[in-house]
Each structure stands twice: as structure tokens, then as C-alpha cells.
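Engineer: got a predicted model here, sequence first, then my questions.
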Amino acid sequence: MVSTYCLQEIILSNIDHSAGAQPRDRSFRDFVAWALVGVLPWLLYLRLEQLLPFEQTMFLTLALAAIVMWIFRLTPDFVPGLALILVVTLLDLVPQSIAFSGFYSQIFFLVFGIFVLAALLAETSWLNRLEAMLVRRNASFPTRLFAVVCAGVLLTLVVPSPLGRASMIQPLVQRFFRPDRARKNAFLALVHIHGTTLISTIILTGNPLNFVLIGMLNEQMRGRFQWMGWLQAASVAGVVMAAGFVAAMFFFAAAARKASAAGGTEPRQCAPPIAVVSDPLRDWATLGLYVFLMAAILTRSIHQVPLEWIVLSLAMSVFFFSGISLATLRQKFDWPTLIFVATVVAWGPMLDHLGLSQWLADQLPVLVPIFERNLYLGMAITMAGVFVIRLAVPGAPAFIILASTLIPFAEVIGISPWVLGFVILTVSEGFIWPYQHGVFSQAITMLDAERIAYRMQTLITFNILFFMLRCAAIFISIPFWKALNLI
Amino acid sequence: MRSFFTAAKYLVIVVLLVVVARLVLTHNEDQKKILVVHSYNNDLAWVNDVDEGVRRAIEDAAGRRGPSLNVRTHYMNLRNHPDCNFYKNATSDVRFTIGDWQPEVLILIDDLAQGLVGFNQVRLNEGADRARMAGDLNAWLAGDRCQTPDISFFGLDQPVTDNFPEVVFAGVNGGVGLYGYDQATNVSGIFERKNYQALIETLEALDRAYDGPVDGIMMLNDASPTGVTENGNYLLQDWAPFVAHPPVGASDFADWTRAVEEANAGNLMLLIANYQNVRDGQGGTVDPETLVQWTERNAKLPILGANTRFVADGGMMTVAIAGSEQGQVAMELAIAAIDGNPDRPHYDAKQFLIGMNQSLVRKRNLQLPSIYEAFSREIGTFIEAMEQLYVVQSGENQ
């Protein structure tokens, strides 16, 4: 398959690239980081020992160790989470049924089902067909931008991993880079990275952390933020972001045209047509499956079957009809993310069990009067806090730290925990520098590896603008959330 | 031939899937959905007692192969956020669940849920003046928490017009006229009115045991809607042989202190039922334990509580309505309605609990009939969680 071939090529070229440059010696950094994993929690333990009962102190100490491991990316993301629940179970700090509750929560099966469907989608040739069509038609720059965005947005509906989406669309983008057109390449890269990430928090199935947020809400609130409810509450933010994105697209198209006009007409290279290897039955069956899923989501009030069970039964039918082979499942299914979600969903129940939720919420007494007097100011401070934490901490752990603290806090100030969770998610998914987000760093790595010219300055400038767009979307949503009786 | 069998295989799979889907959907249709809505949150012992009763009734029903039930519980958490905006948001959450899940029966616990949720769900008799009732209710809900808002603020202008659920109330202290229940055809329930005879008998026992003069009794509550209703009921009751002095609804700690001083000066025994919403003057509420312990220390005459938590919060003695009875009877009424029983009764609470703190009784040097201690101990030994609630052994509370 062409896309698989391309992906392999990229991976190979990445390896070549890194082999060519001297690999940075990280042994000292790793040593220091591991030392901090031991020292920082120990200091915290000494500090809290007198303040809190043993169980609570111990849990916070261990949680900090996991967080430090996350910050320095010492292991794959799911490992610190799993290690934490393992140790708290062994030390009997939290009953096993609570520590491992993420593994039998409905969220686990929802993510499992969605990942199976996404793996099935990765097997279809829809993106190849689109790519082949664009090449055949010799599509113009704006058309390509549009195609990339459409693919990104459509995939947000069905593939719950920004990195997975970006990888799936990569072949589509890659073919259109011109080695010497730095500005245009930057625009294309921007559309690629933001098209697959910007609205990932607007749709429940767009981001694994959305499931974590749902898992952290209590049972009676979860019902409200199922697929449609989530979309409804996030809709104004979504519209604002979409409008901002469209404006950016127009700017990119206009700027590219101006550049082309100044630099003479660009000779359009006639790329060789792409052969699409496809299994039409699978392609259409996958599409049918997604249509069925959408229909089931829209008719929930009639059949009353929760989303997770619908998704899981669709995943089962994929296997009944031999839609995915075991080999494909092993290769395309995102097990680490599934386990990661399962381990962190238990944080809320564990903190509740230990009576730490309230304690954490009480650590922010300054924020209470601010939120009560001026909601906008409170939100601005929260967003600034998220931004600062995200300078040092990767997205997923940053979200877990902030959500564990701020969701109980939302209860204290009497606003919907979903709103605060959504704000944290949306802001923490924003990024400016490559190290802050996997999709961006992957794109940069690819551009460097392919020796494609691009302007970093343009990328950074627009990242800042998109970040501000996220913040604006939240501010504009506040009156809407008030009207929805969420705050 | 091969493709024929492949197609046939897929056909079999499709048929199997349809059969299973059909099974699931019919099962879902057969289930009767009951939504239990608490005004408060499960951080209150009362709420957990009610839930325990609900659970007991569900088990009984399952034991005698009653209807297949699907029960969800929703906590509005209004006690922790006594402000109009939160009331509105919490109500909107419940309405969303009702609209989305469409339960056949709504069990509403405590007064606020009746007003915020129940009023919109009742099928009123013809000729009932809904607009006037909505106005009264709106003003009551706003209380002194906010200026009486527009009728649409709490959504009281949007009643259900068809597919009325059955409404079962519990934990209601006063009447149900305010919520339109007395003019509705789909409401049954159980009152939480105090067992006044038991209260009077216990007050008499305290009077006899106390050395000094007792010139009367006085009810002291916070100014929450439940507290106000409680004070209203107190005024309606005949407290003979005691002289009942006007009740106090203390909105803040200063009011509360004044009321205790007034009782001390007039040799009045205090009767306390609701005390969780006394403001501390700094934007928060006084911690109930601190408040009860302060009152116990500063009141000259013995105090009688009328609340399940009163002894656990540091009071000496209480005669309270059992939460578990409220939950159990409410669920039984819900099941009766599902079974097609045409009666919609309004029951009174029959079961009450006694609690006492032995060390405080000894401190006041009271000689109470031993039946009180025996009964308290009995509950304490029977229900483990209640041990600390109802019988605090001497020395434990020091």
C-alpha cells in the first residue's frame, strides 16, 4: 500500500537523518532526571509528613514521582501511571478495585472500540484515493490546503489521536512540499499540524484526553457530555476556532499567490499518477460503519444504549466480518494510549477515596474570590497557569495534574467541572514550540529529514496566533456556557 | 460456490447480530427507569440513610420478582451552594437527565428538589392556578438568597405537557401545596414531618431530669427554606404542657448567639432541627459540628435535637425521622405506581430514631429513663455506621 510505503520511507529517512547527525548524549540528563524522581518526592514527603495523614502523604509523594517521570519523558507515558497504581495497591493505600477502576470503566471500552474503528479506517484507501485525485487533477495550492484541512477535520471525528491523524495525512501533505518554497511549505505544514489538532477538543472522539476528562466527571454528569452533549457545549468554541482557521487559510492562499506572482509562475511538476491499491468492499463497509455510528449517536434518546456499548459492539462486528486481521490489530492498535487512559482515569476516584480532592481544591484559596467576582479574570488566570505549566510539562501529564486539582475546585466554586476541564484541555493542547506537541515536533522532524525548506519564524508566529485563537474561543464561549446553565 | 458460502456466512452473522440487538432493545424497553433526585449530596448522613432505604426496597422488589428496574441517582448538591445561580444550574442538569433518559418515575428527596424539579412534572387538576403557584414557588426558592427573579429563571414556566412521569416525594417537612402536589394526579410520597408526640415526650423527660426551672421551649433553626418550613410547622403544633415561644430562623452566627442567650435568659429549652446553613459572616457557613458543640456548651438548659446528625455533631440528644424509612417507602410507592396501582397516597413518617451522647448527659447530671439509652444502643449495635452517630461512649468525645 502506498501510504504504508510512504510512512516506511519517512521512518527510514528519519533513522538515516538521526544516524547522520551525532546523537546527543542524554545519559547525564537522564541520570539527573532519575535522581529527581527520587529526590523531589522525598522532599515533598518531608514537607507534608506533619500536615497530612500517612496515606495521603504517601499517595502525593508517589504521584509526584510519576509526574516527574512524565515531565522528563523517561518512559512511555503509560508506564508511570501504571507504576503508580501498582505501588498504591501494593502499599494498600487505595483498594485495588479503585486503583484499577480505569480498566473496567466504560471509558476503557469506549476507547478500545474507537481505536479498533480507527485501526480499520487506517486500513482503508480513502486518503490514497484523495491523494491520487489531487495528483491527477494537478490541484492548485489552495485546493491542496483545503483537502488537507478537510481530511484533518474529518479524521478528528473518527481517529481519537492527533498524532495518528497527522501521520495518516502526512503522505497527502508530503507530496506537495517544494524543496525551495520556504513560505509555502510553512503554510502547508501549519495547515497540516493545526488542521489535525485545533478542533481535537471540540469533538469527544477527537483526543484521548477528552475521554480522561469524561472519566474524571461523576456519573450523573457523564450522561450530559456524551458525544452530542459534548459537541453542543463546545460548539461556540468550535465555531470561533473554525472561523479563525478559515481566515488563516485565506491569508495563506493569498500570501502564496502573491509569492507566486512575484517569483513568476511556478512550473507545476507533473507528478507520476499514484496507483491506488484498494479493497472497495472494506472501504465502503468502513464508511457504512461510521454512518451507523453517527445514526446511533443521533438516535440515543430512542434506543437508550450508551455510546460506549454501541462503539464496542461495532468493534466486535469488525472482527465478525474479518475487517481487521490480528496482525493489523497488533500493528495499528494504539495499546499504550489505551493503557495510559485506563491508568489516569482512576486518579479522580483515588483522590476522592483518600479525601485528597477537597484538600487539593483548598490549596487555591486565592482563586475562589476571583472566580466569584470576575469569571473572565478567573478563566484568564487559569489559562495563564496552564500555559506556564505547559512550558515544562508535556500535554497529557499537564492535563492530569491540572484536572485533578481544578475539577474538585470547580465543585467548590459551583461551576460545571466539564467547563474547567474543557478550558484546561483546549489550552494545554495549544503549542508554540516543537517540543510542546508531538504533532508539531513530528512535522519538523519530517521536514528536516526530507531537507525541505521552511520558515520556522512563520510557524512560530502562527502558532502564537492559533494559541490566542484558542483563548479567544474560550472567552467567547463563556456567555454561551452561562446560557447552557453550566456556569 | 465459494462466494456463495461467503455471502451465506455473512448473512448468518447479520441475522445473529440483528437477533442480539433485538434482545438488547426489548430488554431496555422492558426495564422501568426510576430517577432518584436528592436535593443534597452524599456528604450528608441523611442522604446516605435515604439511599440505604431505597436500596433495601429495590432488593425486596427483586426478591419477590417485581418489575425489572433501572435506577439512577442524581445529587443536586444544593446545601453546599446555597445561591440562586447554582440552584438554576443544578436544576438544568436534572432536567437534562430527565429529558434525555425519560424515566417513568421521579423520586424527589427533600424540599428543594420538589420545588425546582417536581413542580414542572406534575399533572395538575383542571382549574388549578399554575401561574399563581409558580409565582409563589419562585419567591420561596429565591428566599433571601437573591432578588426574586423572573419566573423563567428557575425554569418554572416550562412545565411538562405530556408523558408525565410519576412523581414520588420524600423528605418533605411542611405541606406540599407549594409544589402543586395537592392538586396533582401523578404524585404520591412520604412526609418527613417530625414526630411531635415523641418530641414532646422526650422534652417532658428532659424537663423532669433537669434540676432548674423550665419556663417553656423555643425552636431554633437556620434560615434555609427547610428551616423556615420547620419553624412554620412548629408554630402550628400544640406543644402542651409546654409554652412554645416564637421560633428563630438564624441566618448568621450572631443571630444564633442571640437566640441562645434569649433562651438562657427565659429558661427555655431549645429544640434544634436545621443548622447547616448558618453563615459565619465571612462568606462561608459555620461548620455544623462547631456550631452544635458551641451551643451545647453555652445553653443553660438541655437541648433536644430533631435531626439524625445532631448527636454526631456534638449534641446531647436527638429524636429524628429515619432517612431509611423515607427512601424505602418512596421506592415502594414508585414500584406500586409502576405495577399499575391507582392509589397515590401521601404517607406520614412512622419510624423515628433516638440518639444520645452519654458523656454529655452525665455532664448535665441528668437522670433519663433508661429506655432512651437502651434504644440508642440497640440502633448502635444493629447498624454499625450508626454507632458513632447515636451512641458516643463517655470519654470518646472529650
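Structural biologist: Structure's in. What do you need?
Engineer: now the helices: where do they sit in the stretch 1-150 of chain A?
Structural biologist: A:2-20, A:27-48, A:54-71, A:78-90, A:96-99, A:101-104, A:106-123, A:126-136, A:141-158 (DSSP state H, counting those that start in this stretch).
Engineer: tell me the residues of the stretch 101-250 of chain A that contact chain B?
Structural biologist: A:219, A:220, A:221, A:223, A:224, A:229 (CB under 8 Å from any CB of the partner chain). Backbone N, C-alpha and C define where each C-beta goes, glycine included.
Engineer: any idea how far chain A is from the closest residue to residue B:244 other than its chain neighbours?
Structural biologist: Once flanking residues are discounted, residue B:244 sits nearest to residue B:217: 5.8 Å by CB to CB, 6 or more residues apart in numbering or on different chains. For residue B:217, the distance to chain A equals 37 Å [CB to the nearest CB, to the nearest Å].
Engineer: and residue B:65, by the same measure?
Structural biologist: From residue B:65 to chain A the distance is 23 Å (CB to the nearest CB).
Engineer: tell me the secondary structure of that residue, please.
Structural biologist: With DSSP: H, G, I helix; E, B strand; the rest coil as the basis, residue B:65 sits in coil.
Engineer: that one - how many residues pack around it?
Structural biologist: 7 (other CB atoms under 10 Å in any protein chain shown).
Engineer: give me the pLDDT value at it.
Structural biologist: Listed pLDDT for residue B:65 reads 81.
Engineer: same question, residue B:102
Structural biologist: pLDDT recorded at residue B:102 is 89.
Engineer: cool, residue A:256 as well?
Structural biologist: For residue A:256, pLDDT reads 80.
Engineer: my read is it is in a strand, agree?
Structural biologist: No. According to three-state DSSP, residue A:256 belongs to no strand; its state is helix.
Engineer: which ones are touching it?
Structural biologist: Taking CB atoms under 8 Å, 6 or more residues apart in numbering or on different chains, we find residue A:256 in contact with A:141, A:142, A:183, A:184, A:187.
Engineer: go with 10 Å
Structural biologist: Neighbour list for residue A:256: A:140, A:141, A:142, A:145, A:181, A:183, A:184, A:187, A:188, A:266 [criterion: CB atoms under 10 Å, 6 or more residues apart in numbering or on different chains].
Engineer: next, format those as a markdown table and append neighbour count and pLDDT.
Structural biologist: Listed next are the contacts of residue A:256 as a markdown table, based on neighbours: other CB atoms under 10 Å in any protein chain shown; pLDDT from 0 to 100:
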| residue | neighbour count | pLDDT |
| --- | --- | --- |
| A:140 | 15 | 79 |
| A:141 | 20 | 79 |
| A:142 | 15 | 81 |
| A:145 | 26 | 83 |
| A:181 | 21 | 79 |
| A:183 | 17 | 83 |
| A:184 | 24 | 84 |
| A:187 | 26 | 88 |
| A:188 | 26 | 87 |
| A:266 | 14 | 50 |
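Engineer: so can I have TSV of the residues you listed showing distance to residue A:406?
Structural biologist: Output for the contacts of residue A:256, formatted as TSV (distance: CB to CB, whole Å):
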residue	distance to residue A:406
A:140	46
A:141	42
A:142	41
A:145	37
A:181	44
A:183	40
A:184	41
A:187	36
A:188	37
A:266	50
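Engineer: right, and the helix or strand after the strand or helix carrying the residue nearest to residue B:244?
Structural biologist: Residue B:217 belongs to strand B:216-222 when assigned by DSSP states H and E. Going down the chain from strand B:216-222, the next helix or strand is helix B:225-236, by DSSP H and E.
Engineer: mind listing what's buried along stretch A:380-399?
Structural biologist: A:382-383, A:385-386, A:389-390, A:393-399 (16 or more other CB atoms under 10 Å in any protein chain shown).
Engineer: please read the previous query as pertaining to stretch B:355-375.
Structural biologist: Those would be B:355, B:356, B:357, B:358, B:360, B:361, B:364, B:366, B:368, B:372, B:375, for stretch B:355-375 by 16+ other CB under 10 Å.
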